[in-house]
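Undergrad: Dropping the sequence and predicted coords here.
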Amino acid sequence: MRLIKIADLTTGMVLGRKVVSREGISLLRKDTYLTRKYINKLVRWGVESIYISDCVDAKAKFIEQYEEVIKAVKQMFENIRQSGQIPITEIHELTDKMIKPLTNITGVLDYLYEVKLHSDYTFQHSVHVAVITAIFVNIG
């Protein structure tokens, strides 16, 4: 376990100790996998550094890749909204390069279920995106 400054955090890192506010309020539990959202919250809360576990595993890799996929899919939908065009080739590339590799991570279904526990909206949105992507793949 090592103490890391907030500015040096990356998604997928695992909390080695729980994070508490100066007032003693528990902010994040030990073993929480850091997402961009959690890192941003730590900054807003004024936390200067936290203890990070030295273990790196498939779950951390999944979270990092999952966040990249979410960002890419959001950008893809924004481009579609603005242009009114569905870029079939780019959708195939996104699927092949970013989404399919997620399916090769051991425990992916468990991790997706944990996303559901964290946020029903995120899980529902993810399912919608997967269905829409499958529709696009069948069109091409």
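TA: Nice, thanks for sending it over. In this text, all values refer to a predicted model and were calculated from it rather than measured experimentally. Numbering: from 1, shown residues only.
Undergrad: following the least confident helix or strand in the chain by mean pLDDT, which helix or strand shows up next?
TA: Here the helix or strand of the chain ranked lowest by mean pLDDT, DSSP states H and E is helix 108-118, holding a mean of 68. Tracing the chain C-terminally past helix 108-118 and defining elements by DSSP states H and E, one meets helix 120-139 next.
Undergrad: Give the buried residues for that next one.
TA: 123, 126, 129, 133, 136 (16 or more other CB atoms under 10 Å). To be clear about C-beta, it is placed using only N, CA and C from the backbone, and glycine gets the same treatment.
Undergrad: for it, the distance to its chain's centre please.
TA: 16 Å (CA atoms, centre = their mean, to the nearest Å).
Undergrad: Who are the packing partners of that helix?
TA: Using 3 or more CB pairs under 8 Å, 6 or more residues apart in numbering; DSSP states H and E, the elements in contact with helix 120-139 are helix 58-83, helix 88-94, helix 108-118.
Undergrad: Look at Asp31 and give its secondary structure.
TA: coil (DSSP: H, G, I helix; E, B strand; the rest coil).
Undergrad: actually Thr11, sorry about that
TA: Thr11 is classified as coil under three-state DSSP.
Undergrad: How many neighbouring residues does it have?
TA: By the measure other CB atoms under 10 Å, the count of residues near Thr11 is 18.
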